[in-house]
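[1] Quick check, what structure comes out for this input:
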Amino acid sequence: MDNKNIKNTRNIIAQVDRILRKNDVIYWLEAGTALSAFRDGKIFDWEHDIDIGVWRHDLRKVFNALDEFNKKGYKINIQKGMPLVDNIIQLYCPPDSDGKKPFPDQVDIYLFTKKNNYVYMRWLQKPEGFLAKQRKQLFELSVLLVNEKLKRFKKIITFIPIRIRLLIFNIVLKLHVLTSSCIYHRFPSKYFDSLKEIDFYGVKVNITAETDSYLAYRYGQNWKTPDSGFNQAGKWKNVKARVLLKMSYLAIPPIDIDIIRKYTL
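    Numbering: from 1, shown residues only. Sure, this is the predicted structure:
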């Protein structure tokens, strides 16, 4: 990475840290960013984003932070265009001063929910098991019915009153959650009850205080050894952090059409 990219990366990390702290949002480095920052002191060259975790119960504070990110030129996409917030908010970083895509170009904010001494992140959009593909397609169609991103049929969709479309989405959402299972990311809550700061591109950022144990739980006992084929070989599927549970293990998230109107790309 050249000096310009290092400077840009430091500026993005510093801005994310400053805005979240200003809005009293507790956050920590998550997933591949936690691994690369702690083990290698940098973002992997083949990555393009920063992964961070926050508490879902801090959602109102997170929304306040999103307003500031928006003013700074970040594009925001909540829950892949759904009229709800369950596990992911994506920030697309503004271009560099020369108009080029920055590095990193994206910040993925993952929302975690604490329950019974564990923390969970659910993937509503990825059902598993019987008729999983069909379930996924039906759910995605119900989302498109509400967020109006299906341009080919937008005139037909918008002809239907929004209250009717929201009613349909609500029915599909409840059936989807009550009858489906999915892979959760599940961690002992001890990993996030205590955080520490590490230096990341000259910025003090949060990471779990039990970093070694967390990374072994997240990536396996060999996490200290770089493995360029970890994702390609599907090794990530067998780690302790991934568990199959009923989607209904966590509550159905409330629907909020204003989320789409304000943030969806």
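[2] who's in contact with the helix or strand containing Asp51?
    Applying DSSP states H and E as the criterion places Asp51 in strand 49-55. If you take C-beta atoms under 8 Å, 6 or more residues apart in numbering as the criterion, strand 49-55 is touched by 12-13, 16, 20, 25-34, 43, 62, 104-114, 121, 192. To be clear about C-beta, it is placed using only N, CA and C from the backbone, and glycine gets the same treatment.
[3] List the buried residues of the lowest-mean-pLDDT helix or strand in the chain.
    One helix or strand of the chain scores below all others by mean pLDDT, DSSP states H and E: helix 154-159, with a mean of 81. For helix 154-159, burial by neighbour count (16 or more other C-beta atoms under 10 Å) applies to Ile157.
[4] gap between the residue located most distally from the centre of the chain and Ile171?
    The C-alpha centroid of the chain is most remote from Phe159, which lies 32.5 Å away (C-alpha atoms, centre = their mean). To Ile171, Phe159 is 20 Å away according to C-beta to C-beta, to the nearest Å.
[5] what about Lys80, how many neighbours?
    Number of residues near Lys80 (other C-beta atoms under 10 Å) recorded here: 15.
[6] What are the boundaries of the helices in this structure?
    3-22, 31-35, 59-71, 132-147, 154-159, 162-179, 190-193, 211-219, 257-263 (DSSP state H).
[7] Could you give the average pLDDT over the shortest one?
    Along helix 190-193, the predicted confidence averages to a pLDDT of 93.
[8] Residue ranges in this protein under the pLDDT threshold?
    1-4, 150, 232-234, 265 (pLDDT under 70).
[9] what's the closest of the helices of the chain to Met247?
    helix 162-179 (4.5 Å; C-beta to C-beta).
[10] circling back: how far away from the center of its chain is the least confident helix or strand of the chain?
    The chain centre lies 30 Å from the centre of helix 154-159; the measure is C-alpha atoms, centre = their mean, to the nearest Å.
[11] Can you name the residues in contact with that helix?
    144-145, 148, 150, 165.
[12] Phi and psi next, for Ser228.
    phi -70, psi -20 (degrees, to the nearest 10).
[13] Mind checking which of the contacts of helix 154-159 are buried?
    Restricting the contacts of helix 154-159 to buried positions leaves 144-145, 148, 165, with burial counted as 16+ other C-beta under 10 Å.
[14] Tell me who's in contact with Gln79.
    Per C-beta under 8 Å, 6+ apart, neighbours of Gln79: 85-89, 124, 259.
[15] Now render these as TSV, adding neighbour count.
    Listed next are those as TSV, based on neighbours: other C-beta atoms under 10 Å:
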residue	neighbour count
Val85	19
Asp86	22
Asn87	22
Ile88	18
Ile89	24
Leu124	24
Ile259	20
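[16] Would you mind measuring from Tyr263 to Phe69?
    10 Å.
[17] Alright, I will stop here.
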